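Colleague: quick check, what structure comes out for this input:
(one chain, ligands or ions: 4)
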Amino acid sequence: MTNKEKLVLIGNGMAGVGTIEHLLKLAPNKYDITIFGAEPYPNYNRILLSYVLAGDSQVEDIFLNTYEWYEQNHITLHAGHKVTAVDTAAKTVTSDKGVTVPYDKLILATGSNPFMIPLSGADKDGVMAYRTIADCERMIEASKRYKKAVVIGGGLLGLEAARGFLNLGMKVDVVHIVDTIMERQLDRTASKMLQEALEAQGMNFLLEKQSAEILGDKRVTGLKFKDGTKTDADLIVMAVGIRPNVALAQQIGLETNPGIVVNDYLETSIPGIYAVGECAMHRGVAYGLVAPLYEQGAVLAKKLAGVESAPYEGSVVYTKLKVSGVDVFSGGQFQDQEGTKAIRVHDEFSGIYKKVVIKDNKIIGAVLFGDTADGTRLMQMIRSGTDVSGMEKTAILRDSAAEAGAGGGATDMSDDAIVCGCNGVSKGAICSAIKEQGLTSAEEVKNCTGASRSCGGCKPLVKDLLALTLGDAFTGAPAKETICGCIDLSHGDVVAAIREQGLTHVREVMNVLGWKTDEGCSKCRPALNYYLGMINPISYRDDRTSRFVNERMHANIQKDGTYSVVPRMYGGVTTPSELKKIAEVAEKYQVPTVKLTGGQRIDLLGVKKEDLTAMWADLDMPSGYAYGKAIRTVKTCVGEDYCRFGTGDSMGMGIALEKRFERLNTPAKVKMAVSGCPRNCAESGIKDLGVVSVDGGWELYAGGNGGVKVRAGDLLATVKTEAEVIEYTEAYLQYYRETGNYGERTSEWVSRLGIEHIREVVQDEARRKELRERIDVALSVTKDPWKEAIASDAIKRDLYDVVEAN
Ligand SMILES: Cc1cc2nc3c(=O)[nH]c(=O)nc-3n(C[C@H](O)[C@H](O)[C@H](O)COP(=O)(O)OP(=O)(O)OC[C@H]3O[C@@H](n4cnc5c(N)ncnc54)[C@H](O)[C@@H]3O)c2cc1C
Ligand SMILES: NC(=O)c1ccc[n+]([C@@H]2O[C@H](COP(=O)([O-])OP(=O)(O)OC[C@H]3O[C@@H](n4cnc5c(N)ncnc54)[C@H](O)[C@@H]3O)[C@@H](O)[C@H]2O)c1
Ligand code: SF4
Ligand code: FES
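Modeller: Ligands and ions are numbered 1, 2, ... in the order given. Here you go, the predicted model:
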């Protein structure tokens with residue numbers, strides 16, 4: 001135990017962790033910090049859920065802090081723990097999993113709850129909110145089975161959800177209570193322009209509709225309105241606003257109205273207890289956007305660090321809708337009122353509308369549609385109360401295109417002005433990074449400072465700052481895509497450097513290639529570990545600390561902190577004795593859920609960490625690698641042995657493939673399938689490698705994907721024998737291993753390199769031979785990780801908390 005003061009944070013979201021990050025910069029050693037988060041993840045960027053839903057990002061991409069970050073900063077994280085009690089006399093907090101921790105200072109950052117309209121039928125399956133990773137995953141899952149979504153609420157969240165559903169291939173109705181969508185952010189003209197643009201994308205709007213009842217038996221089938229009309233629905237998402245989450249605060253006896261009442265230093269009604277973020281009510285306002293939450297966090301961090309700071313006096317907010325193909329910006333007080341005058345530009349030919357509201361010679365609000373480049377500059381003028389009485393009206397609404405490259409609106413901003421509200425990045429921070437790190441593109445600024453990584457609304461201003469700082473040297477051309485912000489090199493550059501310079505371990509790569517960070521990050525560390533293992537399969541020792549938690553544990557961590565165990569079942573074929581063994585193990589370890597997976601095997605869900613190794617020993621089956629960037633499954637149909645259409649032994653072929661390639665690490669997960677005829681019952685067309693028996697041989701399909709972005713595989717080769725199927729698969733997989741970027745699925749890789757090129761490589765006999773020789777070496781050194789763990793007391797103790805009985 002140390003003598004440091006104990007700081008406990010309840011709520012592992014953007015506001016709370018943002019405060020801690022700020023505090024660590026100011027006073028890294030002042031507190032022993034413990035964080036409780038009800039969601040079973042490290043802190044993530046909730047804003048980016050809309051991109052995950054739309055299929056533009058993966059869940060792993062939106063984590064803001066990895067588990068390693070908590071460890072490195074000596075923060076105890078209880079993820080998946082909801083705090084259910086706070087004893088203000090004893091100064092302790094207790095979680096629903098029974099963990100009690102003392103505090104000297106306590107921060108509540110419990111966020112908001114989505115408002116659910118209490119409609120009759122709202123408890124039916126398929127009725128949900130949209131707030132968390134779990135919600136997002138449920139929506140993606142539902143889109144695979146259902147066709148029609150209804151979103152209630154035509155605000156920011158509802159429209160982003162609706163766009164996501166369109167991307168997922170669903171039809172979508174947006175039900176809105178008044179006759180203009182986003183009425184809290186847009187005036188009538190902009191709202192109607194937005195509606196038209198979204199209708200053109202495929203959204204259907206049901207305006208001035210009051211929902212009355214959700215129809216269906218167990219699962220929703222439709223929505224009925226007060227006017228008696230109905231619409232069909234397989235899924236209903238309510239996006240009708242949020243309410244501060246104050247359940248715990250009320251239990252403690254903190255003053256709430258309706259959020260937790262805080263003063264200008266984020267202090268609540270009980271000394272030593274603070275509130276920050278959406279749960280806090282400051283001067284009568286509870287915010288629902290991140291920029292004000294970061295501003296609050298900065299003030300609270302200074303308070304906790306003992307650094308003098310100006311009080312938090314409230315924020316002027318702005319929003320940008322994150323729907324591709326439409327540019328909408330709204331900030332400040334944008335409605336016409338008594339005493340206000342507005343400048344309006346409406347170009348119906350180009351679909352551009354701009355309105356700036358002025359009161360007492362100061363800009364107080366703006367709405368922009370079609371061209372939002374002026375947004376951040378106007379916000380800066382609103383915040384600083386710039387007197388515009390002497391300014392030409394045209395100078396207030398500049399033609400952003402004419403300004404590109406000239407430093408635009410950035411020139412008149414002060415250094416501490418916030419450019420990226422979503423991530424709290426100032427002009428000064430961006431300009432120093434550009435100068436000190438030699439950045440030349442908006443992409444590099446994003447990677448290095450975080451500016452523009454969320455809603456993207458500040459990107460034009462970031463470009464202005466590049467132009468201002470670099471002058472003529474700024475071309476605006478997109479820079480190459482770097483691995484992450486820690487290094488200015490692409491995946492290809494790093495792989496080439498490892499090969500050319502004979503680098504052999506992670507730290508050496510970082511030192512030699514000039515990493516900007518000491519420890520790297522969750523993007524580059526696992527990538528380096530993969531590349532080093534791929535290039536030096538014999539000599540490289542896997543760096544476990546560079547792996548994501550699932551790969552480190554060789555089991556998938558679940559939302560409640562338990563794990564799932566999936567043993568390998570070659571080709572999806574099993575035996576009665578294997579099934580009996582699995583059943584016995586499931587009973588012995590009281591596995592709560594036993595589930596068949598899409599990859600034709602059995603998932604034992606809800607296993608305790610301490611039971612994992614003993615369970616693997618009892619199962620005595622190989623790991624199915626259901627957690628890894630590796631060969632996952634080979635799905636098969638029954639094929640010629642039993643099916644009257646079958647022309648090939650699909651089960652035998654699948655088993656042979658799985659036995660040959662199991663345990664092979666790849667840039668991203670690889671799923672395979674073998675079908676006994678072109679009817680394709682094993683879905684070979686949407687696998688990373690799909691094999692189909694045809695008259696006289698086999699067809700191999702490459703780069704298919706059945707996930708969010710469905711892609712049909714391209715024909716890679718037609719071969720005659722089963723031995724050739726293995727041979728071509730060896731060459732294909734090794735080429736993918738050598739040229740795929742870490743994290744890149746074969747569907748993206750095939751699209752990037754082009755199937756013609758890959759076909760050429762794989763069909764060239766000499767190259768095929770070389771690739772096969774290299775994969776042979778890689779496969780010769782793989783070991784079953786479960787067996788390794790069972791055999792090592794140290795691994796059992798350190799990774800799985802197994803206490804050895806003496
Ligand atoms: C899909 C979506 C898109 C969005 N897009 C934007 C955008 O583009 N721009 C923007 O500015 N804002 C956007 N927002 C809003 C923004 O995400 C929120 O304002 C912000 O995340 C709120 O942060 P917070 O930390 O206050 O609350 P939260 O993010 O809700 O975090 C609170 C955390 O506390 C946990 N918690 C609650 N009670 C307990 C307890 N008793 N014990 C332990 N843990 C507890 C919760 O599980 C939660 O994880 C979006 C929101 C959504 C849902
Ligand atoms: N791009 C962004 O900035 C962004 C994106 C998503 C979410 N968010 C934030 O997340 C929070 C939640 O977003 P939200 O859109 O749910 O909240 P919101 O309060 O901004 O909008 C809710 C909308 O639902 C409508 N509504 C209310 N009751 C209704 C009913 N019975 N039937 C039909 N429509 C009804 C309202 O008129 C309103 O337009 C907000 O704080 C929002 O700012 C921001
Ligand atoms: S793919 Fe052809 S062989 Fe296999 S089960 Fe279907 S119909 Fe039968
Ligand atoms: S303002 Fe949203 S990403 Fe910068």
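Colleague: ok so residue 419 is a strand residue?
Modeller: Yes. Under DSSP: H, G, I helix; E, B strand; the rest coil, residue 419 sits within a strand.
Colleague: list the contacts for it?
Modeller: For residue 419, the contact set (C-beta atoms under 8 Å, 6 or more residues apart in numbering) comprises 376, 410, 413, 425, 426, 427, 430, 451, 458, 461, 462, 465. The way it works is simple: take the backbone N, C-alpha and C, and place the C-beta from them, glycine included.
Colleague: at 10 Å what do you get?
Modeller: The contact partners of residue 419, by C-beta atoms under 10 Å, 6 or more residues apart in numbering, come to 376, 379-380, 410, 413, 425-431, 445, 449, 451-452, 458, 461-462, 464-465.
Colleague: looking at those residues, which are in helices?
Modeller: 376, 379-380, 427-431, 445, 449, 461-462, 464-465 (DSSP state H).
Colleague: which of those lies closest to residue 188?
Modeller: Closest to residue 188 out of the ones in helices among the contacts of residue 419 is residue 379 (22.2 Å), distances taken as C-beta to C-beta.
Colleague: residue 701 is in contact with residue 728, correct?
Modeller: No. Residue 728 is beyond contact range of residue 701, at 11.4 Å (criterion: C-beta atoms under 10 Å).
Colleague: who touches both of those two?
Modeller: By C-beta under 10 Å, 6+ apart, the residues touching both residue 728 and residue 701 are 689, 691, 716, 717.
Colleague: distance to residue 637 and neighbour count added to the residues you listed, as JSON lines?
Modeller: Shown next, in JSON lines, are these (distance: C-beta to C-beta, whole Å; neighbours: other C-beta atoms under 10 Å):
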{"residue": "689", "distance to residue 637": "16", "neighbour count": "28"}
{"residue": "691", "distance to residue 637": "11", "neighbour count": "29"}
{"residue": "716", "distance to residue 637": "20", "neighbour count": "24"}
{"residue": "717", "distance to residue 637": "21", "neighbour count": "22"}
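Colleague: from those residues, pick the one nearest ligand 2.
Modeller: residue 689 (38.4 Å; C-beta to the nearest ligand atom).
Colleague: for residue 383, see how far away the residue of the chain positioned farthest from its centre is.
Modeller: Seen from the C-alpha centroid of the chain, the residue lying at the greatest distance (C-alpha atoms, centre = their mean) is residue 390, 46.3 Å away. Applying C-beta to C-beta, to the nearest Å, the value for residue 390 to residue 383 is 19 Å.
Colleague: ok, now residue 113?
Modeller: For residue 113 relative to residue 383 (C-beta to C-beta), the value is 30 Å.
Colleague: repeat for residue 784
Modeller: Look at residue 784 and residue 383: by C-beta to C-beta, they are 59 Å apart.
Colleague: so what's residue 610 closest to, chain neighbours aside?
Modeller: residue 801 (5.3 Å; C-beta to C-beta, 6 or more residues apart in numbering).
Colleague: ok, now residue 743?
Modeller: Residue 743 sits nearest to residue 668 (C-beta to C-beta, 6+ apart), 5.7 Å away.
Colleague: near residue 58, how many other residues are there?
Modeller: 14 (other C-beta atoms under 10 Å).
Colleague: list the buried residues in the helix or strand encompassing residue 586.
Modeller: Counting by DSSP states H and E, the element that carries residue 586 is helix 576-588. Neighbour-count burial for helix 576-588 flags 578, 581, 582, 585, 586 (criterion: 16 or more other C-beta atoms under 10 Å).
Colleague: closest one of the residues you listed to residue 217?
Modeller: The shortest gap between residue 217 and any of these belongs to residue 586, at 31.7 Å (C-beta to C-beta).
Colleague: remind me which residues of the stretch 401-550 of the chain are low pLDDT?
Modeller: Applying pLDDT under 70 to the stretch 401-550 of the chain flags residues 401-410, 412, 473-480.
Colleague: try it again at 50.
Modeller: Within the stretch 401-550 of the chain, the segments meeting pLDDT under 50 span 401-407.
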